[in-house]
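1. Predicted model and sequence follow; I will ask about them next.
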Amino acid sequence: MTHPFRIVAAGDSTLIVEFADRIDPVINGAAIALAEAIQAAHLSGVRDVAPTYRSVAVHFDPLHTDLDALVKRIERDTASIQPAAADATEPIRVPVCYAGECAPDLASVAVFAGVTEAEAVRLHTSRVYRVFMLGFTPGFAYMGSVDSRIAVPRLPVPRVVVPAGSVGIAGVQTGIYPASTPGGWQIVGRTPVRPFALSRSEPFLFRPGDAVQFHAIDASEYARLQNRR
């Protein structure tokens, strides 16, 4: 299936391939498939390829790249991409403690939704989320889409420090902070799982297109798993 797209220049060393301007698994699948096709081609001069929700950035060395040939290759690959089915992968299950200091914003999320905290947790854990893209900091996976009832906006004033492993919600997105960083997402839990670790042979736990599902654990199980890391 061919998706409408356009190619725009971002400076003299980056091309952006833009698909439809919306959060959509099908559009995202096209972006991911195109990025994988360009990466697999090992084109001369191409330095990096980064898919987003609905676009692909192709970074290249202008001194070692035939720009016309690169544009033609992108056009050809875009016309022939075959995105993977959204349900083709088994969800990565992520344990989350939704209690106490691990969940400083859970109460306000529940108030926003007009439900109990237990129901807010159920709403967050009942869905299988798609990893649309990675960004912000190494390993941060932007996932969606959350149930509309708990799709709270970002905090009006971001926190200076959000602990590593914090699980947050921002609108229809949810995600895990891989490291202690500033952040404005509403924190509903914390996981002992590390989305990014240089000590692993594959540092990144998540890749664009992956499926993820959270499941609730209590504080003692969180502590046990945290100590095993």
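-> Received it, and whenever you're ready, just let me know what you need.
2. just checking, Ile176 touches Val94?
-> Yes: the pair Ile176 / Val94 is scored as a contact, 7.2 Å apart, by Cβ atoms under 8 Å. (Each C-beta comes from the backbone N, C-alpha and C, glycine too.)
3. Now do the shared contacts for these two.
-> The contact sets of Ile176 and Val94 overlap at 191, 193 (Cβ atoms under 8 Å, 6 or more residues apart in numbering).
4. can you map out the helices along the protein?
-> 25-41, 67-80, 106-113, 117-125, 219-227 (DSSP state H).
5. Mind listing what's buried along the shortest one?
-> Of the residues in helix 106-113, those buried by neighbour count under the rule 16 or more other Cβ atoms under 10 Å are 106, 109-110, 112-113.
6. what would those look like in a markdown table with pLDDT?
-> Below are those laid out as a markdown table (pLDDT from 0 to 100):
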| residue | pLDDT |
| --- | --- |
| Leu106 | 98 |
| Val109 | 98 |
| Ala110 | 98 |
| Phe112 | 98 |
| Ala113 | 98 |
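7. ok, now how distant is Pro158 from Ile217?
-> Plainly put, Pro158 is 27 Å away from Ile217 if you go by Cβ to Cβ, to the nearest Å.
8. most neighbours per residue, which of the helices of the chain?
-> Per residue and on average, the most neighbours among these fall to helix 25-41, with a mean of 20 (mean count of other Cβ atoms under 10 Å).
9. just checking, what packs against that one?
-> For helix 25-41, the packing partners by 3 or more Cβ pairs under 8 Å, 6 or more residues apart in numbering; DSSP states H and E come out as strand 46-51, strand 55-60, helix 67-80, strand 129-134.
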